[in-house]
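1. need coordinates for the following:
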Amino acid sequence: MSILASVVGGGALPSRHTVGSSLSYNPAQTDEVVAEMELVDAEGFAAACGSARTGQRSWADVPAPVRGRVIAAMGRLVEANAERLAGLVTREIGKPYAEALAEVREIVDTCDFFLGEGRRLYGQTVPSEMPDKQLFTFREPLGVVAVVTAGNFPVAVPSWYIIPALLCGNTVVWKPAEYAAASATALYNVLSRAGLPEGVLNIVHADGEQTYLGLDQALEAGTVDKIGFTGSTEVGRAIGALAGRHLQSPCLELGGKNPLVVAEDADLDLAVQGALFSGFGSAGQRCTSLGSVIVHESVHDEFLARFTAAVESAVIGDPTRPVLYGPLLDQRFAKRFEEYLGWIGQHHTVHGSSICGRITADHPRKGFVGDPGTGLYYHPTVVSGVRPEDRLFLEETFGPLVSVVPFRQLDDAVALANASGYGLSAAIYTNDAATAFSFRRRVRAGMVSVNNSTSGAEAHLPFGGNGRSGNGSRQSGIWVLDQFTRWQSLNWDYSGQLQRAQMDVAETAADLEFRLP
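-> Numbers count the residues shown, from 1 in each chain. Next up is the predicted model:
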């Protein structure tokens, strides 16, 4: 077990800001403490933001191509430490090692993309309407970015904020999830060795309530210029309202109820593979995890039979071994998932497992790998007979639970896909281009896949959702640069006289009465 300091990067805070400690556990071995961390209060969080403000201007003055070389070094350091970091992620949140290693790979990909953006933080030279005058635009850093992240992707998702924010010349104060604090601190330790000046990147351990109060204080003090938040829709609404009071627009990446449509011409075996990975990879604990499969009535029964067979034969268990998924992230998520299972009603039919709920010696899972009694393992659950008004269909069910719903016409499928009000990710399986493009145009999701799963972000595409899934902000690729920079325009008049826009503009003469004979 490691003991983690409350604030790292900007110097230690006075002990009066420490308000106790918290433990992170191995969800596959719930009696194993992975780390103990000191927690700070709201004043401590706000003080960390104030400290980050102190060094921001000098970091912004470092030429952007040089900042890009720091990002390049981060990528190489993460690459060199990939196995150790992935192993810690598996141990602390129960993510299968192969997925944890892919998560670490995503950090490397993000660094490899953004290392070159230090040479491409382009502005424009714009022609003026008057002579001897030039117009320009420039990207400028915002200042201090406060990043608050969930723990289901404890190292990849934070990198989506941290790396472009630093590249653009901002300083960062990062508050990770308490249940993934060891993984977060390990990532901080790797990134901080890449040549960053002291205080440019800071990690703060605090609970949710004190973090919110600390953000409020920092916003009042003018020491936070941007909030990046990944987490629940409920908390995202609160942070959005808080930022809005200070005329700021946060970057919000929230929950999802992601639909996967199976058209009548779909390759059913391929659709089953996509649904299995989307619904049960990472134990269904991704924001992009599959919520509902919406299947054309002509292939509904056949798809359900194949999907059920695939779920029944899926290998579940010890995340250090080759499994589809391991335990749930933490006890709080296990408790909440059991509440979701309580939404299953008499008009529903359960498939994929002999029983719902926790996998135990009394309620075993055929083919389980390891000892189910040591961890937070839950049966995969597929539910048919789900109606559009059911909570199972409308609400996010964070865990290994997928509903199956029939549809008759594509219009019906689109309406069902949009019904929840979430808008993060969606997929459709079809071999007809007209069907695929019609669905893409009408579904409200920020990300759409054709003949692929609802999960699977790439570092050079925009990531983000709409509606209950976010406020339209985007992460990854060049699009995230607009989250961490502000545009500044410059007009430079070297004519030696005052030239007034729209007033001192040369007139041209045109014969607008001319007509061809």
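2. only C-alpha atoms from now on, for both contacts and neighbour counts.
-> Noted.
3. phi first, then psi, for Ser425.
-> Main-chain torsions, Ser425, degrees, to the nearest 10: phi -130, psi 150.
4. swap that for Pro131, sorry
-> Torsion angles, degrees, to the nearest 10, at Pro131: phi -70, psi 160.
5. isn't it up against Ser495?
-> Yes: using CA atoms under 8 Å, Pro131 is in contact with Ser495, at 7.3 Å.
6. list the contacts of Glu220.
-> His246 (CA atoms under 8 Å, 6 or more residues apart in numbering).
7. swap that for Ser249, please
-> By CA under 8 Å, 6+ apart, Ser249 lies in contact with 226-227, 240, 243.
8. before we move on, what about Gly255?
-> Gly255 makes contact with 231-233, 287-288, 396, 422, 424, 468-470, according to CA under 8 Å, 6+ apart.
9. just for the protein, where's the confidence low?
-> 1-8, 10-15 (pLDDT under 70).
10. neighbouring strands of the longest strand belonging to it in the sheet, and parallel or not?
-> Secondary structure of the chain per DSSP state E: the longest strand is strand 29-40. Strand 29-40 pairs in its sheet with strand 2-4 (parallel), strand 18-26 (antiparallel), by DSSP bridges.
11. separation between Gly20 and Asp41?
-> Distance check for Gly20 against Asp41: by CA to CA, to the nearest Å, it reads 9 Å.
12. of these two, who's got more company?
-> The neighbour count for Gly20 versus Asp41, taken as other CA atoms under 10 Å, is higher for Asp41 (22 against 12).
13. and the contacts of stretch 442-454?
-> 258-260, 270-271, 274-275, 277-278, 288-290, 414, 417-418, 422-430, 436, 440, 463-466, 472.
14. oh, that last question was meant for stretch 49-57, not what I typed.
-> For stretch 49-57, with CA under 8 Å, 6+ apart as the criterion, the contacting residues are 10, 143-144, 146, 169-173, 199-202, 218, 223-224.
15. now do stretch 308-319
-> By CA under 8 Å, 6+ apart, the residues outside stretch 308-319 that reach it are 28, 90, 94-97, 272, 276, 322-327, 351-353, 367-372, 377, 380, 382.
16. of those residues, grab the buried ones for ChimeraX.
-> In ChimeraX syntax, the buried subset of the contacts of stretch 308-319 is picked out as below (16 or more other CA atoms under 10 Å):
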select :28,90,94,95,96,97,272,276,323,324,325,326,327,351,352,353,368,369,372,377,380,382
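17. mind checking which of the contacts of stretch 308-319 are in helices?
-> 90, 97, 272, 276 (DSSP state H).
18. from these, which two are the most distant?
-> Spatial extent of the ones in helices among the contacts of stretch 308-319 (CA to CA) is set by the pair Thr90 and Val272 at 26.2 Å.
19. gap between the residue nearest to Gly465 when sequence neighbours are not counted and Asp411?
-> Leaving out its chain neighbours, the residue that sits closest to Gly465 by CA to CA, 6 or more residues apart in numbering is Leu424, at 3.9 Å. Noted for Leu424: a distance of 20 Å to Asp411, by CA to CA.
20. of those two, give the one with the bigger neighbour count.
-> Using other CA under 10 Å, the more surrounded residue of Leu424 and Asp411 is Leu424, with 30 against 13.
21. that one reaches Asn471, doesn't it?
-> No: Leu424 lies out of contact with Asn471 (CA under 8 Å); the separation is 10.6 Å.
22. shared neighbours of those two, anything?
-> Gly465.
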